[in-house]
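Engineer: Next come a sequence and a model predicted from it.
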Amino acid sequence: MASGLSPNQPRQPHQPGWNFILRRAATIIAVAILTLTLLAGLSGLLLAFNYQPAAGRSYQSLKYIDTATNFGWLFRSLHTYTGNFVIVLGLIQLVVMFLGRQFRRSWLGAWISGIFLILVAIALDWTAILLSWTQEGFWRFSIELGTIEAIPVVGSTLRSILTGGEGISTATVLRQYTLHSYVLSGLVVVLAIIHLVSTLIQDRQERSLQAQQAISATPESTQNTSSEQPI
């Protein structure tokens, strides 16, 4: 029985496979992470116009933002959810990159920036615990300070740096606000940009490598086809 394709009929180009889909997914997730990071930064900037980083006044200022300012509740919710979604998407991105076998040396930049992006996003979430100055945030922060203080050698020093004194006070809120709004926020934006650029560069290199392999395989198939033709 004759086969569907004759020996001289050219083969169809290779269709995109599973790795191609995962690479595209990694690029889309990287774009989404950067978008959410910028939205979190923009909403945080709008909240900063009415927020007062001081013990006691922090809660009142957030209550004022939720009830008295136009769309204040919306910007606060947007700031909270985008920050959490950055962590979730960062973890999903690592899984997608692993499943796509993107753990070669050429993907080192994307891996390093992605891992540090997740860690900084978690640190942003942690520094926001005390900024609302609620009972839950206060006691949760106090318990975690005790955990930090239990670290050998450097625990007491770290606790003093984070609190700005012996107890939790306005100095503590100011330090957490500075870390949250200036240091970590700028760092997470830079890491998100680096991660997206690294992903785009490596995806382009993968496509170029596949194109070169396809071109190098073409003469060999042409030679085999011509040798089978009768003289």
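Structural biologist: Noted; the coordinates are in hand.
Engineer: Identify the residues contacting the closest residue to Gln93 other than its chain neighbours.
Structural biologist: Spatially, and ignoring its direct neighbours in sequence, Gln93 is nearest to Ile29 (4.7 Å; CB to CB, 6 or more residues apart in numbering). The way it works is simple: take the backbone N, C-alpha and C, and place the C-beta from them, glycine included. Each residue near Ile29 by CB atoms under 8 Å, 6 or more residues apart in numbering is listed here: 89, 92-93, 96.
Engineer: State the pLDDT value of Ile29.
Structural biologist: Model confidence at Ile29, expressed as pLDDT, equals 96.
Engineer: Which strand or helix spans it?
Structural biologist: Using DSSP states H and E, Ile29 sits in helix 18-48.
Engineer: what angle do whichever helix or strand comes after that helix and helix 18-48 make?
Structural biologist: Reading on from helix 18-48 to the C-terminus, the next helix or strand found by DSSP H and E is helix 57-67. Orientation check (axes from the mean of the first three to the mean of the last three CA atoms, to 10 degrees): helix 57-67 against helix 18-48 gives 110 degrees.
Engineer: counting contacts, what elements does helix 57-67 pack onto?
Structural biologist: Contacts defined by 3 or more CB pairs under 8 Å, 6 or more residues apart in numbering; DSSP states H and E place helix 57-67 against helix 72-99.
Engineer: How about the helix it packs on, which residues are buried there?
Structural biologist: Buried positions in helix 72-99, judged by neighbour count with 16 or more other CB atoms under 10 Å: 72, 75-76, 78-79, 82-83, 85-87, 89-90, 93-94, 96-97.
Engineer: Ala123 reaches Leu191, doesn't it?
Structural biologist: No: between Ala123 and Leu191 there is no contact under CB atoms under 8 Å: 11.6 Å.
Engineer: So for those two, which residue has more residues nearby?
Structural biologist: Per other CB atoms under 10 Å, whichever of Ala123 and Leu191 has more neighbours is Leu191, with 24 against 16.
Engineer: How about that one, nearest residue that isn't a chain neighbour?
Structural biologist: Leu117 (4.2 Å).
Engineer: My read is that the one you found contacts Val190, right?
Structural biologist: No: contact between Leu117 and Val190 fails when scored by CB under 8 Å: they sit 9.4 Å apart.
Engineer: between these two, who's got more neighbours?
Structural biologist: Neighbour totals were compared for Leu117 and Val190, and Leu117 leads with 28 against 15 (other CB under 10 Å).
Engineer: For that one, which residues are in contact?
Structural biologist: Contacts of Leu117 (CB under 8 Å, 6+ apart): 33, 86, 90, 188, 191-192, 195.
Engineer: Now it: which helix or strand?
Structural biologist: Assigned by DSSP H and E, Leu117 falls in helix 108-127.
Engineer: Over to Gly137?
Structural biologist: With DSSP H and E as the test, Gly137 turns up in helix 135-149.
Engineer: okay, the angle between that helix and helix 57-67?
Structural biologist: Computed by the same axes, to 10 degrees, the angle between helix 135-149 and helix 57-67 is 140 degrees.
Engineer: after helix 135-149, next one along is what?
Structural biologist: helix 155-163.
Engineer: Contacts only, for the residue nearest the centre of the chain.
Structural biologist: For the chain, Gly90 is the residue whose C-alpha lies nearest the centre (CA atoms, centre = their mean; 4.1 Å). Gly90 sits next to 33, 114, 117-118, 121 when contact means CB under 8 Å, 6+ apart.
Engineer: quick one: which of the residues you listed is nearest to Leu162?
Structural biologist: Ala121 (18.4 Å; CB to CB).
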